[in-house]
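Below is the sequence, then the predicted model.
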Amino acid sequence: MATVPSAESKYENLGFEVASPSGSRAFLWIATATVTGAIVMAMELAAFRLYAPFFGNSIYVWGSMISVVMLALAGGYGLGGWIADRWPRDTILYFIVLSSGLYQLLIVFVVRSVLLKLWQSGNFLGPVLATVIIFAPPMLALTMTSPFVIRLLVRAGHVGIAVGKVFALSTAGSIGGVLGTSFYLVPRFGSRATLEILCGASIVIGVGGLMTRRKRAVLLAVPGALLFFVPIPKAPPTVLWSGESAYNRIFVIEDKGLRLLALNDPRFAQTIERVGGGSSGFYLDEFALGPVIVPAKNLLVLGMGAGGSIQVSRMVVPEIQVDAVEIDSEVVRVAAKYFGLPQNDPKLRVHIADARPWLAQRETNGEFDLVHVDLFQGGPYVPFYLTTVEFFQLVRSRMADSGALIMNVYDKSSNQELLGAMGATLRQVFPSLEKLSRADGNHIVFAFAARRELADTVARLKQGAGPLWVRELSQKAAGEIAEFEPQAGAVIFTDDRAPIEEITRRMLVEFKKQNEQTK
């Protein structure tokens, strides 16, 4: 009677191994799945930081990148299982891992050029194309590891145990990759060096696995030596310093007598100061009008940056007591080194904290005469939870009854949807709003804790205070400041729904189209 050959006999005829794996080899395979899982997640986090200077760090960048990554992972799982069923040898597996490392090696040489080509493609298409080119191929290859290892292990039987063990340890590796990248690799070495480390790890795993079969496979590691020759991109001569922290890619730029602090996206500055003092012409100059309009002894700055709003306020009231909240300790260090932020000033207390939790933990109510809110997270985007009714209610509780909040809103759209939404939100908490609109798209909004007449503000501006440039700015503002009454139907941001990133993105898309039409 004819018999159907078993799968094992087919593999024997093809020269494949069908015996149960030894304990050491099974351990090697599972370790490979664990480490490659870590590398995949580390690459995903490094990608987000790598993209920030080119595309910003909004939720749209996250969404665009993650969607392509997930597609690559799905493809890797499917393709890995298909290959493993046809060629169930670990040499194939380690060739695949090695190919991922060699592709990463190519990428570390050209990644900056690729991003420079794509940075004007927008915060959706740009990250999608960048991820397809830079990260999808090596991630797809590395993701083949788990189904491949499962196929190799099931020769020993106990399919369920093999599947559970591989996915559990691969997931544990992914967790390690997330934590290691977030808390060690990127803050300590930066995103570019992190990519080089991940590339080296992939090559070592691939070559190491092949060497268990053929010692001469060590020669395949030779291309990895090129990692020592990856060129370090030269910063433009205007960049005094750049580096990375746990929160931001930080740039200190000096150009045409101005010194700038930029976070993540160097096209947008968080602080601009004139070297040697005086007016910078930047929107932070208008923050000097706060103590002109409202007598102030105590100032709260939420989103200190390099301290630009503190500096201009002290030009009007040198003795003002300042509490400044800044989430990034590296930004504070840079502010002291490059922008002259005082380090031992008894009238300046700097708090390293997230603005909203810090406010919530503050026990004293009604202590601040002025509050500056300037909480851009790099580029034009603002964290949604720092724009809601609930946030401004918390701020108001810490303000004096005669106090004022000053906030910059960046909106270059024709319908000023974002400005209207911020005004409508503030109006839920503050009885009087006024605004100064600048030609560069920055709108300075003044929100008063008590009802106030515009005539009172104009009178104080005409009176002026501080150095000459502040008095001149005050005279100009007296003729331009206006009551701010948001249009009916404007979106009101709440903790439950605050589509500020969606509105900001629409504004940027419109602005880009306007620029293209004028060229």
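Structure received. Everything numeric in this text was worked out from a predicted model, so none of it was measured.

where does this structure dip in pLDDT?
Flagging of the chain using pLDDT under 70 yields the residue ranges 1-21, 156-158, 519.

OK, contacts around the residue nearest the centre of the chain?
When the chain is reduced to its mean C-alpha position, the nearest residue by CA atoms, centre = their mean turns out to be Asn57, at 4.0 Å. For Asn57, the residues meeting the contact criterion (CB atoms under 8 Å, 6 or more residues apart in numbering) are 48, 51, 264-265, 377-379, 381. From N, CA and C alone the C-beta is placed, and that goes for glycine too.

Now with 7 Å, please.
Under the criterion of CB atoms under 7 Å, 6 or more residues apart in numbering, the neighbours of Asn57 are 48, 264, 377-378.

One more: Pro233?
Residues in contact with Pro233, defined by CB under 7 Å, 6+ apart, are Arg112.

Look up how far Trp119 lies from it.
When CB to CB, to the nearest Å is applied, the distance between Pro233 and Trp119 equals 14 Å.

same deal with Glu367?
Taken as CB to CB, the spacing of Glu367 relative to Trp119 amounts to 44 Å.

now Val230
In this view, Val230 and Trp119 are 21 Å apart by CB to CB.

residue contacts, the closest residue to Ser58 other than its chain neighbours?
The shortest distance from Ser58 to any residue that is not its chain neighbour, by CB to CB, 6 or more residues apart in numbering, is 4.7 Å, and that residue is Tyr381. By CB under 7 Å, 6+ apart, the contact set of Tyr381 is 56, 58, 501, 504.

switch to 8 Å and redo it
Going by CB under 8 Å, 6+ apart, Tyr381 touches 56-58, 500-501, 504.

what does stretch 82-93 contact?
11, 16-17, 25, 28-29, 32, 96, 144-145, 147-152, 155, 209-210, 212-213.

what's the span of it from first residue to last?
Using CA to CA, to the nearest Å, the end-to-end distance of stretch 82-93 comes to 12 Å.

which parts of it are buried?
83-84, 88-90, 92-93 (16 or more other CB atoms under 10 Å).

Check stretch 497-508 too.
Applying a neighbour-count criterion of 16+ other CB under 10 Å, one finds 498, 500-505, 507-508 buried in stretch 497-508.

Give me the subset of those residues lying in helices.
500-505, 507-508 (DSSP state H).

picking up where we left off before, who has more neighbours, Glu367 and Trp119?
With other CB atoms under 10 Å as the criterion, Glu367 and Trp119 differ in neighbour count, and Trp119 comes out ahead with 18 against 15.

OK, contacts around the more buried one?
Taking CB under 8 Å, 6+ apart as the test, what Trp119 contacts is 54-55, 126.

Going by neighbour count, which of the residues you listed comes out on top?
Each of those was scored by neighbours using other CB under 10 Å; the highest score is Phe55's, at 28 neighbours.

So that residue is in contact with Asn123, correct?
Yes - using CB atoms under 8 Å, Phe55 makes contact with Asn123 at a distance of 4.9 Å.

which residues do the two both contact?
In contact with both Phe55 and Asn123: Val61, using CB under 8 Å, 6+ apart.

Among the buried residues of stretch 82-93, name the ones in strands.
Among those, no member falls in strands (DSSP state E).

Helices - which of the residues you listed land there?
Where these overlap with helices, as defined by DSSP H, the overlap consists of 83-84, 90, 92-93.

Let's have these in TSV, adding distance to Thr271.
As requested, these are exported to TSV (distance: CB to CB, whole Å):
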residue	distance to Thr271
Ile83	53
Ala84	54
Asp90	55
Ile92	54
Leu93	51
